[in-house]
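Sequence first, predicted model second:
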Amino acid sequence: MSPHRLIHLNGPPGVGKSALAARYAADHPGTLNCEIDELRGFVAGVEEDFAGAGALIRPAAVAMISAYLEHSGDVVLPQMIASSDELDRFRRAATDLGCAHVHVVLTGDPADVAARFRDRPTDLLHHRLAARTVEADGGAAALGRWQEAMAGLVVTEPGTILLPTAPGDVDGTYAALLAALQPMVDEG
């Protein structure tokens, strides 16, 4: 088995996926932080159809992840994926190459996650567009539905790591992530 792995940080918007991915990549030189929501910004029309841009860019992201795993190193993927079929597409990007796929679902108190999402700065295009999309889909209720979908994936996806988060405790959550990943490093 290849020593490279795809570390998928999954969870609802606002739970801290991007912050953890950036920290992990910064601490592990050579790791690709595949921020699909930033890649959406390269798709013409993203401001009119944020979800559609995501559907268009995901195949390119899968190809990039596969190429990086095969030729370069680890990939950390901070991306909410609530569908088992879609999750399997990313898993296969790793496992078809003999690489590990580590699925980590970040959770938190729904009210806290909603507050963190609401309080995110909107200086990034994908944060502004995500806020608009969530609002159009029902606001906090939509975030709650997505968090429930994540809980369902924890049940149906074997080997999923459940990682609780708390507002303002990036250091604690990051330490828990590293601890959860350590047995996989030791096995590899």
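Yep, it's here. Residues are numbered from 1 along each chain as shown.

And stretch 155-175, end to end?
Using Cα to Cα, to the nearest Å, the end-to-end distance of stretch 155-175 comes out at 24 Å.

which of the residues in that stretch are buried?
Residues of stretch 155-175 classed as buried by neighbour count (16 or more other Cβ atoms under 10 Å): Thr160, Ile161, Leu163, Thr165, Thr173, Tyr174. Every C-beta, even on glycine, is put in place using the N, C-alpha and C of the backbone.

for the longest strand seen in the chain, packing partners?
If you go by DSSP state E, the chain has its longest strand at strand 100-107. Counting contacts by 3 or more Cβ pairs under 8 Å, 6 or more residues apart in numbering; DSSP states H and E, strand 100-107 is packed against strand 5-10, helix 84-95, helix 140-156, strand 161-164, helix 170-187.

roughly how far out does the next helix or strand after it sit from the chain middle?
Downstream of strand 100-107, the next assigned helix or strand under DSSP states H and E is helix 110-119. With Cα atoms, centre = their mean, to the nearest Å as the basis, helix 110-119 stands 17 Å off its chain's centre.

same thing with stretch 25-32?
Remark: stretch 25-32 is offset 16 Å from the chain centroid, using Cα atoms, centre = their mean.

With stretch 76-85 instead?
Taking the mean of its C-alpha atoms, stretch 76-85 sits 6 Å from the chain's own mean (Cα atoms, centre = their mean).

Next: stretch 52-61.
For stretch 52-61, the distance to the chain centre is 14 Å (Cα atoms, centre = their mean).

Going by neighbour count, list what's buried in that stretch.
Applying 16+ other Cβ under 10 Å to stretch 52-61 flags Ala53, Gly54, Leu56, Ile57, Arg58, Ala61 as buried.
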